[in-house]
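1. Please find the sequence and the predicted model below.
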Amino acid sequence: MASKSNLTIITVLIVIVLAIAGCNGKTDTDKEPVTQKLKIGALPIEDILPIVTAEQKGYFAEENLEVELMPFQSALESQIAMQSGELDGMVTDIIVATLLKDSGLDTKITSLTLGASPQEGRFAIIAAPKSGIETMGDLKGKSIGISNNSIIEYITDGLLREAGMEPSEVNKTSVAKIPIRLEMLLSGQIDAVTLPDPLVTFAEFKGAKIVADDTKKNLSQAVIIFKEKTLKEKKKAVESFYRAYEKAIEDINARPQEFKDVLVENINIPQPIVDIYNVQQYPVPQLPSKKDINNILDWLNKKELLKNDLKYEELVQSILY
């Protein structure tokens with residue numbers, strides 16, 4: 001009887017211990033989810049506003065996601081960081097995305113940031129103040145500041161052809177750094193330049209003349225690219241990123257002026273135009289069209305800048321949102 005009594009006591013103690021463990025301990029399924037992390041490189045341009053907003057609104061945190069937005073002052077710096085393995089992804093344009101892919105870096109375009117419609121992300125050819133240039137025809141034989149083999153040159157060629165001109169009819173001058181290009185324009189050292197907003201707005205404010213822009217024909221698209229390794233190993237993180245990103249876009253598009261301060265704090269907008277510059281509408285996550293990418297591939301191939309015969313399907317990643 002004594003042994004039975006002891007056995008009963010031991011059994012009761014085991015049950016109590018297990019009950020306490022069940023109340024205070026956590027099973028594998030109860031564990032806190034591991035925070036996912038993504039590092040994304042970008043310049044201080046309009047395209048990053050949804051990412052900054054998603055962070056400030058806590059939308060990434062709601063997805064248990066940590067996004068580190070790595071700032072760069074030049075496109076070259078961000079490309080080097082991407083190639084060296086410092087980044088999971090970056091905000092860039094389709095020209096850069098294609099050239100990186102052609103160089104052997106396994107990346108995919110995952111969405112547009114701006115450029116789903118021609119009105120998003122304006123670029124323009126702008127004539128210097130007092131240059132006397134009023135129309136595209138006036139540019140024949142004149143100098144246009146660009147950056148070679150870039151989205152800027154692609155847009156310049158596209159706008160010239162839209163006006164019935166050949167790129168060879170102007171003197172394209174390579175001025176890679178945008179601030180220097182703008183300074184040369186405003187000081188009259190060059191006849192015209194091609195620039196993106198908000199610098200288009202600033203140049204016009206300073207007396208320059210917009211000769212043509214790409215708000216009627218869609219020539220410029222900015223995109224987010226991710227490494228294929230990231231898309232395989234952190235697929236859920238990228239999907240979470242786009243859920244939070246889309247929430248931020250809905251907020252911005254519904255109440256754009258509420259995000260003016262965020263835009264000014266994070267994007268390089270020249271002080272004189274801060275009050276007149278508006279927050280624009282952003283597209284929901286979507287891939288660039290096959291037609292737009294094929295146009296860029298044709299242009300790059302004609303300039304003999306590609307070593308490989310790249311196709312649309314090799315450049316984009318679908319089924320993320």
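-> On my side now, so go ahead. Numbers count the residues shown, from 1 in each chain.

2. how about low-confidence regions in this protein?
-> 1-32 (pLDDT under 70).

3. Phi first, then psi, for the residue positioned nearest the centre of it.
-> In the chain, the centroid-proximal residue (Cα atoms, centre = their mean) is V91; its distance is 3.0 Å. V91 adopts backbone torsions of phi -90, psi 130, taken as degrees, to the nearest 10.

4. my guess is it contacts I224, does it?
-> Yes. Contact criterion Cβ atoms under 8 Å: V91 and I224 qualify, at 5.6 Å. All C-beta atoms are positioned from the backbone trio N, CA, C, and that covers glycine.

5. Mutual contacts of the two, please.
-> Common neighbours of V91 and I224 (criterion: Cβ atoms under 8 Å, 6 or more residues apart in numbering): 40, 113.

6. gap between the residue nearest to the centre of the chain and R255?
-> Noted for V91: a distance of 23 Å to R255, by Cβ to Cβ, to the nearest Å.

7. D47 now?
-> Applying Cβ to Cβ to D47 and R255 gives a distance of 19 Å.

8. Tell me which of those two has more neighbours.
-> D47 (23 against 10; other Cβ atoms under 10 Å).

9. How is that one assigned, secondary-structure-wise?
-> Assigned by DSSP: H, G, I helix; E, B strand; the rest coil, the conformation of D47 is helix.

10. Helix or strand: which one has the nearest residue to it once chain neighbours are set aside?
-> Closest residue to D47 apart from its sequence neighbours, by Cβ to Cβ, 6 or more residues apart in numbering: T113 at 3.9 Å. Element membership for T113, per DSSP states H and E: strand 107-114.

11. elements contacting that strand?
-> Strand 107-114 sits against helix 94-102, strand 222-227, helix 228-233, helix 235-254, with contacts defined as 3 or more Cβ pairs under 8 Å, 6 or more residues apart in numbering; DSSP states H and E.

12. Mind doing that once more with 7 Å?
-> On a contact count with 3 or more Cβ pairs under 7 Å, 6 or more residues apart in numbering; DSSP states H and E, strand 107-114 meets helix 94-102, strand 222-227, helix 228-233.

13. Of all these, which one comes closest to V175?
-> V175 lies closest, by Cβ to Cβ, to one member of the helices and strands packed on strand 107-114: helix 94-102, at 17.1 Å.

14. what sits up against that closest one?
-> By Cβ atoms under 7 Å, 6 or more residues apart in numbering, the list of residues contacting helix 94-102 from outside reads 75, 79, 82, 107, 109, 150-151, 154, 221, 223, 225, 288, 293, 296-297, 300, 305-308, 310, 315.

15. and V170, what does it touch?
-> 139-140, 142, 144, 160 are the contacts of V170 under Cβ under 7 Å, 6+ apart.

16. Just the buried ones from those?
-> Buried members of the contacts of V170, counted by 16 or more other Cβ atoms under 10 Å: 139, 142, 144, 160.

17. neighbours of the closest residue to the second one other than its chain neighbours, just the number please.
-> Which is K142. The shortest distance from K142 to any non-neighbouring residue, by Cβ to Cβ, 6+ apart, is to D191 (3.9 Å). Number of residues near D191 (other Cβ under 10 Å) recorded here: 22.
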